[in-house]
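> sequence below, structure please.
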Amino acid sequence: MLTTARILGALGALVLAGPGTALADAGNWRKPGLWDIAIWKDGQTIMRAIHVQQCSDVKSEPDVMLSLLPGQENCDKPEAIRSSKGMTIKTRCKVHDSDVDGEMAMTGDFSKLYRGRTRVSFTRGFTAAKQGESVNFEARWLGACKPGMTPGDMVLSNGITVNVLRDKKRNEQAHQGG
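So this is what the prediction gives:
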């Protein structure tokens, strides 16, 4: 069962490293600024959603946008597919000796509002019930980032602020031994 605590835990863990910089060549993503993201599991309504806020600029956008997709460590270059219906991003990462396949499918204008779902599958280490588990989200642009926020900041629903870019850099340095 996907609970609010598990979603928050996943959000906290996933900011350790992301493949977003590999997506930089795929073009502009969302409008820079402050985004409010409602996240809820299948079977629930948006009324039961938890909310996170993300502050991004053009440079940080690929990493910040992908921070909703769990398991972003030791990743191959993501595949971004644009169509008239929206955008799909597929990732293949390795976490604790398990391949993690992620997919983030989105529709909307990406300047004020978009919505979608993430789906993650693991090759081992997780029960079959977790295979293909998906999470829904809806993102609304709020305007400029709040004073004191820097690009990469993500405010979790419990009020804790993490910075996707700093956490990614720290994780990369730890994996390189420095």
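> quick one, helices of this protein?
Assigned by DSSP state H, the helices in the chain fall at 4-14, 61-66, 164-175.
> just checking, what packs against the shortest one?
Read that as helix 61-66. Helix 61-66 sits against strand 50-56, helix 164-175, with contacts defined as 3 or more Cβ pairs under 8 Å, 6 or more residues apart in numbering; DSSP states H and E. Bear in mind the C-beta positions are built from the backbone N, C-alpha and C, glycine included.
> show the average pLDDT along the longest one.
Helix 164-175 shows a mean pLDDT of 76.
> now stretch 75-93 - C-alpha only, CSV.
What follows is stretch 75-93, C-alpha atoms only, in CSV (Å, rounded to 0.1, in the frame of the first residue of the first chain):
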residue,chain,number,x,y,z
CYS,A,75,21.0,5.9,-14.3
ASP,A,76,21.5,5.4,-18.0
LYS,A,77,20.6,8.4,-20.2
PRO,A,78,16.8,8.9,-19.9
GLU,A,79,14.7,8.7,-23.0
ALA,A,80,12.3,11.6,-23.6
ILE,A,81,9.5,11.1,-26.1
ARG,A,82,7.4,14.1,-27.1
SER,A,83,4.1,13.8,-29.0
SER,A,84,1.1,15.8,-29.8
LYS,A,85,-0.5,14.3,-26.6
GLY,A,86,2.3,15.3,-24.2
MET,A,87,5.6,13.9,-23.1
THR,A,88,6.9,10.6,-21.7
ILE,A,89,10.2,10.1,-20.0
LYS,A,90,11.7,6.6,-19.4
THR,A,91,14.6,5.9,-17.1
ARG,A,92,16.7,2.8,-16.3
CYS,A,93,18.6,3.0,-13.1
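> which positions within that stretch qualify as buried?
By neighbour count on 16 or more other Cβ atoms under 10 Å, the buried set for stretch 75-93 is Cys75, Pro78, Ala80, Gly86, Met87, Thr88, Ile89, Lys90, Thr91, Arg92, Cys93.
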